[in-house]
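1. structure, please.
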Amino acid sequence: MVKKPQLNILIIGTGMYVSGRGTDGYGTILPAVYEWMRKGRQGDIYIAGSRSEGIEEIKKKVRELNELYGFTITPKYYPDDVADDHEAYLKAMKGISRPACALIATPDNIHRKVAGDTIQNGLHSLVVKPLAPTLKEVEELIKLQETHQVYCAVEFHKRLDRSNIKLRDSIENGRIGDPLYFIVEYSQRKSIPKERFRNWVESTNIFQYLGIHYVDIIYYATGATPRRAMAIGQMNYLASHGINTYDYIQAVIEWEAPAGNKFVSTFLTNWIDPERTSAMSDQKLKVIGTKGRYEADQKRRGILIIDDTNGIEEPNPDFCAMYGVGEKNIAFQGYGIESIHQFLSDVVDIETGSVRINDLEGKRPTFKESVIPTIVLEAVNRSLANGSEWENIDVVACDERMRVWNR
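-> Numbers count the residues shown, from 1 in each chain. So this is what the prediction gives:
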């Protein structure tokens, strides 16, 4: 048997997406790493957080997963004492040997700092969305990535959702004609801003945290570039609970497709859904074209579970779900897992010389692919700050950036 190449993995962050902190689940990143190791992959696991409380919680999750999987992972934790340490990930990088990569799941406002540090330390890096709140930060990260010649991507896992791949196919093959308008509805329960992200929720907003996913999907499916944007935000429920961020943001973006035709996308995003709603995320997508329409209810995936304790639940079996509990043969599957495995596999291919970093441009959600979503994000945030005025996007500058990045 051919020995599989070793890859050491540094996880930066200990929150809900990493380990399911604050829930009965295990998040997405930690299960993805277990599935990676279950397939015989070799390497050490490092986990860095900023708070000792988060490290203790993730240790508990690791113990539970070790028992569920029937094999043991023994990560090295930073910090591994009772003290909080916001620079623990820097200490972790000093002890990690190459080849290695970083999976970064920290608050939006520190992505530039953390990813910049991992890149400068020679680690291939995967960052949860959005890459950064501003184009300036994104371009700085791209330049760092090119200077240090490491592979960097954004964890836009919705690109691997089969319903979004089908959307892209329906546009590319002309089945629904030229897009005229997109309608995106995306919301989450109010416990997300009130409890799980309470420490940093005021440094982001619902469009930046959730809406950015579908900005990327529209760009991915159409290849269009944004021309102008306008947004309206409402503060009511969260403000009444002492949280200075929007309950709801409606954004309208005008795009121009490569063939020159224009279309509009309307985003309706909130994170004040009732706690008793049937899913953590309620997400719907509608696209109207000159020859047809495409509709996807991405909450209702065909499964409904009702019980005395939890009430009604509509789980998404396609994103990140645990299977095999009854047979004691645990496996996590879904496009959330696949997204992380795609990155890890790409890193192994780069390290073994079978793929070059530049070969992945246009095929993966690299840092350069995040330029367009960030331009939209900035325009939306400017509109919110400027009384919901239309914000024009510099067409020449936007197109020039894409030409430079895609050379």
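2. quick one: the helices in the stretch 251-400 of the chain?
-> Assigned by DSSP state H, counting those that start in this stretch, the helices in the stretch 251-400 of the chain fall at 335-352, 371-385, 395-405.
3. okay, domains of this protein per the record?
-> The chain resolves into domains spanning 8-158+331-366, 162-316+370-405 when parsed by automatic domain parsing.
4. which one, of those domains, ends up nearest to residue 324?
-> Between residue 324 and the domains of the chain, the tightest spacing by CB to CB is seen for domain 8-158+331-366, at 5.2 Å. For glycine as for every other residue, the C-beta is placed from the backbone atoms N, C-alpha and C.
5. so of the domains of the chain, which one's packed in deepest?
-> Sort the domains of the chain by mean neighbour count, taking mean count of other CB atoms under 10 Å, and domain 8-158+331-366 sits at the top with a mean of 19.
6. what is the end-to-end distance of that one?
-> Length of domain 8-158+331-366, first residue to last, CA to CA, to the nearest Å: 21 Å.
7. stretch 83-101 too?
-> 26 Å.
8. what of stretch 264-281?
-> 24 Å.
9. roughly how far is it from the heart of the chain?
-> Computed by CA atoms, centre = their mean, to the nearest Å, the chain-centroid distance of stretch 264-281 equals 17 Å.
10. swap in stretch 136-156?
-> 16 Å.
11. what sits up against that stretch?
-> Stretch 136-156 is contacted from outside by 111-112, 115-116, 119-120, 122-132, 213, 216, 220, 339-340, 343, 346-347, 350, 357, 360, 364-371, 374, 401, 405, using CB atoms under 8 Å, 6 or more residues apart in numbering.
12. now stretch 29-44
-> Around stretch 29-44, the neighbours that count as contacts under CB under 8 Å, 6+ apart are 3-9, 11, 13, 17-20, 45, 58, 61-62, 65, 69, 71, 73, 75-76, 96-97, 100, 103, 105, 320, 322, 331-332, 336-337, 340-341, 344.
13. keep only those of these that are in strands.
-> 8-9, 11, 45, 76, 100, 103, 322, 331-332 (DSSP state E).
14. wait, which of these is closest to residue 249?
-> Taking CB to CB as the measure, residue 249 lies nearest residue 103 of the ones in strands among the contacts of stretch 29-44, at 28.1 Å.
15. and the two most separated of the ones in strands among the contacts of stretch 29-44?
-> Taking CB to CB as the measure, the ones in strands among the contacts of stretch 29-44 span a maximum distance of 27.6 Å, between 100 and 322.
16. tell me where the stretch 1-150 of the chain has helices.
-> Applying DSSP H, counting those that start in this stretch to the stretch 1-150 of the chain gives helices spanning 16-19, 29-38, 52-69, 88-95, 111-120, 135-148.
17. among the ones you listed, which comes closest to residue 177?
-> Residue 177 lies closest to helix 135-148 among the helices of the stretch 1-150 of the chain, at 31.9 Å (CB to CB).
18. following that closest one, which helix or strand comes up?
-> As assigned by DSSP states H and E, the chain's next helix or strand after helix 135-148 is strand 152-154.
19. pLDDT averaged over that next one - what is it?
-> Across strand 152-154, pLDDT averages out at 98.
20. cool, stretch 267-278 as well?
-> Here stretch 267-278 scores 95 as its mean pLDDT.
21. what are the contacting residues of that stretch?
-> With CB under 8 Å, 6+ apart as the test, stretch 267-278 has contacts from 183-193, 206-207, 209-211, 214-215, 237-238, 247-253, 282, 299, 304, 311-314.
22. stretch 334-344 too?
-> 7, 9, 28-29, 31-33, 35-36, 41, 101, 103, 124, 126, 153, 155-162, 316-321, 364.
23. picking that back up, want to try CSV for the helices of the stretch 251-400 of the chain, with distance to residue 139 and mean pLDDT as columns?
-> Conversion of the helices of the stretch 251-400 of the chain to CSV gives the following (distance: least, CB to CB, whole Å; pLDDT from 0 to 100):
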stretch, distance to residue 139, mean pLDDT
helix 335-352, 21, 97
helix 371-385, 8, 96
helix 395-405, 8, 64
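24. closest one to residue 226 among those?
-> Minimum separation from residue 226 across those (CB to CB) falls at helix 371-385, 4.9 Å.
25. kindly export that closest one (C-alpha atoms) in PDB.
-> C-alpha atoms of helix 371-385 as PDB (Å, rounded to 0.1, in the frame of the first residue of the first chain):
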ATOM      1  CA  VAL A 371     -12.600  40.100  -5.100                       C
ATOM      2  CA  ILE A 372     -16.100  40.400  -6.600                       C
ATOM      3  CA  PRO A 373     -18.100  39.400  -3.500                       C
ATOM      4  CA  THR A 374     -16.100  41.800  -1.500                       C
ATOM      5  CA  ILE A 375     -16.700  44.700  -3.900                       C
ATOM      6  CA  VAL A 376     -20.500  44.000  -3.500                       C
ATOM      7  CA  LEU A 377     -20.100  43.800   0.300                       C
ATOM      8  CA  GLU A 378     -18.400  47.100   0.500                       C
ATOM      9  CA  ALA A 379     -21.000  48.800  -1.700                       C
ATOM     10  CA  VAL A 380     -23.800  47.400   0.400                       C
ATOM     11  CA  ASN A 381     -22.100  48.600   3.600                       C
ATOM     12  CA  ARG A 382     -21.600  52.000   2.100                       C
ATOM     13  CA  SER A 383     -25.200  52.300   1.100                       C
ATOM     14  CA  LEU A 384     -26.300  51.400   4.700                       C
ATOM     15  CA  ALA A 385     -24.000  54.100   6.000                       C
END
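26. contacts for it, please.
-> With CB under 8 Å, 6+ apart as the test, helix 371-385 has contacts from 130-135, 138-139, 142, 205, 207-208, 211-212, 215-216, 219, 225-226, 228-233, 246, 249, 251, 253, 389-391, 393, 398, 401-402, 405.
27. then stretch 230-244?
-> Identification of contacts with stretch 230-244 by CB under 8 Å, 6+ apart yields 190, 193-194, 198, 201-202, 205, 207, 245-252, 272, 380-381, 383-384, 388-391.
28. ok, stretch 355-368 next?
-> Residues contacting stretch 355-368 (CB under 8 Å, 6+ apart): 131, 138, 141-142, 145, 149-156, 159, 216, 220, 342-343, 346, 349-350, 369, 405-406.
29. tell me where the stretch 201-350 of the chain has strands.
-> 225-234, 248-256, 262-273, 281-289, 293-297, 305-307, 311-313, 321-323, 331-333 (DSSP state E, counting those that start in this stretch).
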